[in-house]
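1. Take a look and give me a structure for this.
(chains A and B)
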Number of protein chains: 2
Amino acid sequence: MSKTVIQYVISRLKEHGVSDYFGVPGDFAYPILDGILDDKDAQWRGSCNELNGGYSADGYARIKGLGAVVSTYIAGELSLVNALACAYGEHVPIISMVGMPSRQQQATGEFWHHMIDRHDYDMFVKMQKTVTIASAILTPENCVAEFERVLAAVLYHRRPGYLGFPGDVAHLPIVNTTVPNNIPFANPQSDPATLEQSVSHIVEVMSKAQKACILPGVVVKRCGLSDLATQLVDATGLPFATAFQDKSTIDETNPNYMGMFMGKFANPEVNEFFSSSDCILGLGPIRHYFNTGFFTAEYDVSKTINVQMHEVRVGNAVYKNVEMKDVLEALIKKLPKWKDVKAPSKITPFGEPTGSGSDPIDAGNPFYARLAKFLKPGDILVGDPGSPALAATVMNLPEGAELQSQGVAGSIGFGTPAALGAAVAAPDRRVVMVGGEGAHQLTAQEIGQFYKFGLKPVFIVINNDGYLVERYTCWDPEQEFNDLPKWEYHKLPEVFGCKDWFTTKVTTTGELDAALEEVNKNDRAAYIEVVTDRYSMPPMSETMFTLTRQKFGQTFTWEEWYSKFKKGKNIAIRK
Amino acid sequence: MSKTVIQYVISRLKEHGVSDYFGVPGDFAYPILDGILDDKDAQWRGSCNELNGGYSADGYARIKGLGAVVSTYIAGELSLVNALACAYGEHVPIISMVGMPSRQQQATGEFWHHMIDRHDYDMFVKMQKTVTIASAILTPENCVAEFERVLAAVLYHRRPGYLGFPGDVAHLPIVNTTVPNNIPFANPQSDPATLEQSVSHIVEVMSKAQKACILPGVVVKRCGLSDLATQLVDATGLPFATAFQDKSTIDETNPNYMGMFMGKFANPEVNEFFSSSDCILGLGPIRHYFNTGFFTAEYDVSKTINVQMHEVRVGNAVYKNVEMKDVLEALIKKLPKWKDVKAPSKITPFGEPTGSGSDPIDAGNPFYARLAKFLKPGDILVGDPGSPALAATVMNLPEGAELQSQGVAGSIGFGTPAALGAAVAAPDRRVVMVGGEGAHQLTAQEIGQFYKFGLKPVFIVINNDGYLVERYTCWDPEQEFNDLPKWEYHKLPEVFGCKDWFTTKVTTTGELDAALEEVNKNDRAAYIEVVTDRYSMPPMSETMFTLTRQKFGQTFTWEEWYSKFKKGKNIAIRK
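-> Predicted coordinates:
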């Protein structure tokens, strides 16, 4: 007998690496959930809420290549719209599987629960086309063709897709089992002539360059091509750096790594190198606010080449239908090896840790240099968007380690559930979540799931008494909208049911050292609340503060403002 | 000088009762937030996350008539889409105020943070048209006309609206200050002839009825017409009942109140009365799944009249452009007074509390009869969707008390943040939140805000080790998707920073009695974790269980299944 609709979907997702499903149950979704529980190779990973489920699927997909989240009609699915939007921006392929009323229920036109009015049953699918690359409502007849169409689009664009399952459909046997041979985006192939011409054009332009370099983008990693990109670096001998969204696309212990390229926000040597480079070979990086150091990166776009997932741009020439993999393989063979590009040596932004003993924890060098030393090879560092993720991005990572954050969507609260997704996807690797307490408050309840699933993450939450990024980017850092309820963060794991975790609140550098040592020595699940001064921040954040003051026509520096604030003279500084 | 755009909006919202703003800050929203902080009559009520902010605005609007939530472009606004959808279904008027990139930023076409791709700047406004009744992006020139258009539609339909504020716009003076005289839905007036005809038609039909009754809908309360509806009940002497979504529209201590009308799920006397009634005068109730006792209510629709917000239906005749207020006032004068309608006396579903001392807490009579006695006049009871809200709906409320839940949207997690909104809106009334722990996990972090704002709610959270509604509506109650991480619920307030709250975990009836007494005696903010058996449920839930078994072709009763489960024989019951 044919597989049922849900069996077909689960079996195909399994072939693409999905063995775990996040989300929240609901009656319209029972058939999907029963299908997951019936499959011996599939695991249900219930989430506290749907947004968290979406973020977990995202964190999972970054490791496994694809992720899935299950929710119920309207009341469930709508709460994860932002997770789909973020995955769209971050090029993370996830499938949102939504249980819908049965076709019989739809036929009656009855006004069911979770519905908000009488309506067309597909209006919420349509609404979510803004944040998905493809969507379908499955039937036994269309299941194979429609599922394959959605999956192909999701993998081609590395962006989220949507599958609706009317309640009666999931357990019915599929009717047409043949995969159509005209599915758009399935098995994309390079056009041979265009491939040859585009590669020749790249080789011609780059061969003349004296000071070329490589700028790999995060899509390289999303497409599983980091090894090839590394081979390209090794074969050409060219230096490389990465922008904010693209960190750790190529291993940061590679000898050709210069450090992060963040415009005027960090690593001025790298910025200087890029601004004077005569040819930048991009491997899919995207020019946006975060990836250009908040539009402070200066380089000559006319001297750039961009090898994207499915096309190549050389100056103003665009070559369509060429696959990144094929271009990389050709370039590895055809590009010369540069021997004398004078690039900056790898920068160690935070150097050796300073401070000790009873020193308060300074969220500049003292914290981040320690965090950098704490990380082990292979760690997955998850950064909750905010100043900690920004600063952590500048750190150098050990071999095999990577950072997962949101380099464009920047949605606070991503960190905790995404760390869960990563931990489920890679149970043999350590997951370290670093973030600020403001971001943490959005999604903190997901901590309990780590214990439920037997995982041992390390949480490092910086408690600086408010939204720090907001403090340094709004006109008066003391605006009360930056204040938060004062949680006892280090007690969260206990309340969320995590037994035998190492939890502590540290306020001095010595305590921080002891806590990090304890975690590394005994390989424990841990939650460390790191209390810093309200305005303690890394150097790149001070730069943001200063630029913000310029925007508001305020002439004082961060130090001037900070010293006044510290002395209790909280001056009104609105112009 | 003219008001600025944000000053205009805040001053107009203030005239409609809004003095508090929920939400999460973000840089695109700074101008909105600064405007709120600059207004001496406006209060910023920061939320832990956007979904919670949306639910809080909803809970607030139910008391004050209108609510507002602030968020930032894309990364913020998309997380509250479900709250807008729920408000749409529950006819709650809230305004979603979203900070957008400035017009200069939009003009450059630059790819900013939170954006997920290059795009039209209004595409997320358009997307949210599915869950809003009107929307606008404000400018100094259009501010008055567009704001008034959105507000009029929001108030006319009692459904959410959306206002986008480009960053440069909020602080600019408005240019056109004259309110156009052609704004749709503004100051709706009844058409005099239609009003007269519709009222005459109602009077003609009802005068012949021997067994008439009234079924008030929640829109009566949303429109602030509960007093008029009460006068109609008093003037006609007719009995009334309310459906699930419509509970406490008219005070439940009114002598003509029969009890809840929930089809076969509760109060069979009421169901019998309605099925034999020869004329049901609806005041806006909506026929949907929850409002018909899951489609088990049986009454003759041809014998119903429905006075809706802006139209009247009598049998198959529809009268447009008649305002509910005008119809109610006319009916109070023109309908006769019935003296001999034999209606059931008010039902007390849970009777006197049973059990005591070391008895385990039974989530039938023993819990709900106690909850009913615990409530005080004027209390606002907020029900988080789930079996506790379902059972609490059946209880009788004391004078001036009301239930706030989601009678159609049914989105779990609504309770905690909605209770915050209600508490902010009515600081002189007590807010009691009752819900299950599964629903609670979605949004529990909002507890900390109560303390931050000096509020003293009472939380009563039933911990029955899983999603109970799911257990009794899915094919095997023991499906693992119904399991949850095991939180220490009663410790949540402490961790979220609430000082001096009375918190306790009760497992026996005697402990429950003592806890409720302590709260009432000393008027304390409280959090009571009520531990019940995994399958302890009120009678109406058992009915749902049995109906579900029929759907799955399972022949055993709840008692049979439960007794087997209790004896440790957790049988596989899939057919």
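2. neighbours of the nearest residue to A:Lys373 once chain neighbours are set aside, just the number please.
-> Excluding the flanking residues, the one nearest A:Lys373 by C-beta to C-beta, 6 or more residues apart in numbering or on different chains is A:Pro353, at 6.5 Å. In short, each C-beta sits where N, CA and C put it, glycine included. Residues lying near A:Pro353 (other C-beta atoms under 10 Å in any protein chain shown) number 19.
3. A:Gln210 too?
-> 11.
4. mind checking how far it is from A:Asp340?
-> 8 Å (C-beta to C-beta, to the nearest Å).
5. now do A:Tyr368
-> For A:Tyr368, the distance to A:Asp340 - C-beta to C-beta - is 33 Å.
6. Have a look at those two and say which one is more surrounded.
-> A:Tyr368 (23 against 7).
7. confidence score at the more buried one?
-> Note for A:Tyr368: predicted pLDDT of 96.
8. repeat for the one 10 residues further on
-> In this model, A:Gly378 is scored at 98, pLDDT.
9. which non-adjacent residue is nearest it?
-> A:Gly400 (4.2 Å).
10. before we move on, which element is that neighbour in?
-> Assigned by DSSP states H and E, A:Gly400 belongs to neither a helix nor a strand.
11. My understanding was that it contacts A:Glu252; is that so?
-> No. Counting by C-beta atoms under 8 Å, A:Gly400 does not reach A:Glu252; the two are 9.8 Å apart.
12. Same drill for the two, tell me which one is more crowded.
-> Neighbour tally, A:Gly400 and A:Glu252, criterion other C-beta under 10 Å: the higher count belongs to A:Glu252, 21 against 15.
13. Please report how far the nearest residue in space to that one that is not next to it in sequence lies from A:Ser541.
-> Leaving out its chain neighbours, the residue that sits closest to A:Glu252 by C-beta to C-beta, 6+ apart is A:Leu397, at 4.6 Å. Here A:Leu397 is placed at a distance of 20 Å from A:Ser541 (C-beta to C-beta).
14. so how far is A:Ser302 from A:Gln210?
-> Applying C-beta to C-beta to A:Gln210 and A:Ser302 gives a distance of 17 Å.
15. and the residue in the stretch 301-450 of chain A that chain B sits nearest to, what does it touch?
-> Residue nearest to chain B within the stretch 301-450 of chain A: A:Gly448 (3.3 Å; C-beta to the nearest C-beta). Contact analysis of A:Gly448 by C-beta atoms under 8 Å, 6 or more residues apart in numbering or on different chains lists A:Cys48, A:Pro493, A:Phe496, A:Gly497, A:Cys498, B:Pro485, B:Lys486, B:Trp487.
16. count of neighbours near the second one?
-> A:Pro493 is flanked by 25 other residues according to other C-beta under 10 Å.
17. quick check: domain ranges of chain A?
-> A:5-166, A:192-334, A:367-558 (automatic domain parsing).
18. pLDDT of the shortest one, averaged?
-> Model confidence over domain A:192-334, given as mean pLDDT, is 96.
19. Residues of the stretch 251-400 of chain A that sit close to chain B?
-> Contacts of the stretch 251-400 of chain A with chain B, taken as C-beta under 8 Å from any C-beta of the partner chain, map to A:Ile286, A:Arg287, A:His288, A:Tyr289, A:Phe290, A:Phe295.
20. now do 6 Å
-> A:His288, A:Tyr289, A:Phe290 (C-beta under 6 Å from any C-beta of the partner chain).
21. wait, which of these is closest to B:Lys64?
-> For B:Lys64, the nearest member of those is A:Tyr289. The distance, counting by C-beta to C-beta, is 38.1 Å.
22. Measure how buried the closest one is and give me the count.
-> Residues near A:Tyr289, counting by other C-beta under 10 Å: 18.
23. Give me the more crowded residue out of A:Leu397 and A:Ser541.
-> With neighbours defined as other C-beta under 10 Å, A:Leu397 and A:Ser541 compare such that A:Ser541 has more, 25 against 21.
24. Now the phi/psi pair for the closest residue to that one other than its chain neighbours, please.
-> Nearest residue to A:Ser541 in three dimensions, chain neighbours excluded: A:Ser387, at 5.2 Å (C-beta to C-beta, 6+ apart). Phi and psi for A:Ser387, reported as degrees, to the nearest 10, are phi -60, psi -40.
25. Can you get me a residue count around the residue in the stretch 251-400 of chain A positioned nearest to chain B?
-> Closest approach between the stretch 251-400 of chain A and chain B, counting by C-beta to the nearest C-beta: A:His288, at 3.7 Å. A:His288 sits with 22 neighbouring residues when counted by other C-beta under 10 Å.
26. How about the contacts made by it?
-> Listed by C-beta atoms under 6 Å, 6 or more residues apart in numbering or on different chains, the contact partners of A:His288 are A:Val408, B:Phe111.
27. I'd assumed it was in a helix, is it?
-> No. Under the criterion used here (DSSP: H, G, I helix; E, B strand; the rest coil), A:His288 is coil, not part of a helix.
28. With B:Trp112 as the reference, measure out to it.
-> 7 Å.
29. Let's verify A:Phe165: helix, strand, or coil?
-> strand.
30. hey, what's it bridged with?
-> Here A:Phe165 sits in beta bridges with A:Gly99, as judged by DSSP bridges.
31. So, low pLDDT: which residues of chain A?
-> A:564-575 (pLDDT under 70).
32. how much space is there between the residue located most distally from the centre of it and chain B?
-> The C-alpha centroid of chain A is most remote from A:Thr108, which lies 42.5 Å away (C-alpha atoms, centre = their mean). The gap separating A:Thr108 from chain B is 10 Å, by C-beta to the nearest C-beta, to the nearest Å.
33. A:Thr249 now?
-> 19 Å.
34. What residues does that residue make contact with?
-> A:Thr249 touches A:Pro216, A:Val218, A:Val220, A:Lys221, A:Ser226, A:Thr242, counting by C-beta under 6 Å, 6+ apart.
35. tally of neighbours for the fifth one?
-> The tally of other residues near A:Ser226 (other C-beta under 10 Å) stands at 18.
36. Could you list which residues are in contact with it?
-> A:Ser226 neighbours (C-beta under 6 Å, 6+ apart): A:Val220, A:Thr249.
37. Can you give me the distance of it to chain B?
-> Taken as C-beta to the nearest C-beta, the span from A:Ser226 to chain B is 23 Å.
38. Could you pull up phi and psi at that residue?
-> According to degrees, to the nearest 10, A:Ser226 has phi -60, psi -40.
39. how near is it to A:Gly400?
-> 11 Å.
40. same check, this time on the second one
-> A:Val218 is 17 Å from A:Gly400, where distance means C-beta to C-beta.
41. With adjacent residues omitted, what lies nearest to A:Gly224?
-> A:Gly224 sits nearest to A:Gly65 (C-beta to C-beta, 6+ apart), 6.4 Å away.
42. Ok, A:Asn522 next?
-> A:Phe502 (7.5 Å).
43. what's the answer for A:Asn396, then?
-> A:Asn396 sits nearest to A:Glu252 (C-beta to C-beta, 6+ apart), 5.3 Å away.
44. Which stretches in the stretch 201-350 of chain A count as strands?
-> Assigned by DSSP state E, counting those that start in this stretch, the stretch 201-350 of chain A shows strands spanning A:212-216, A:240-242, A:257-260, A:279-283, A:304-307, A:311-314, A:317-320.
45. Looking at those, which one is packed in the most?
-> Of the strands of the stretch 201-350 of chain A, the one with the most neighbours on average (mean count of other C-beta atoms under 10 Å in any protein chain shown) is strand A:240-242, at a mean of 28.
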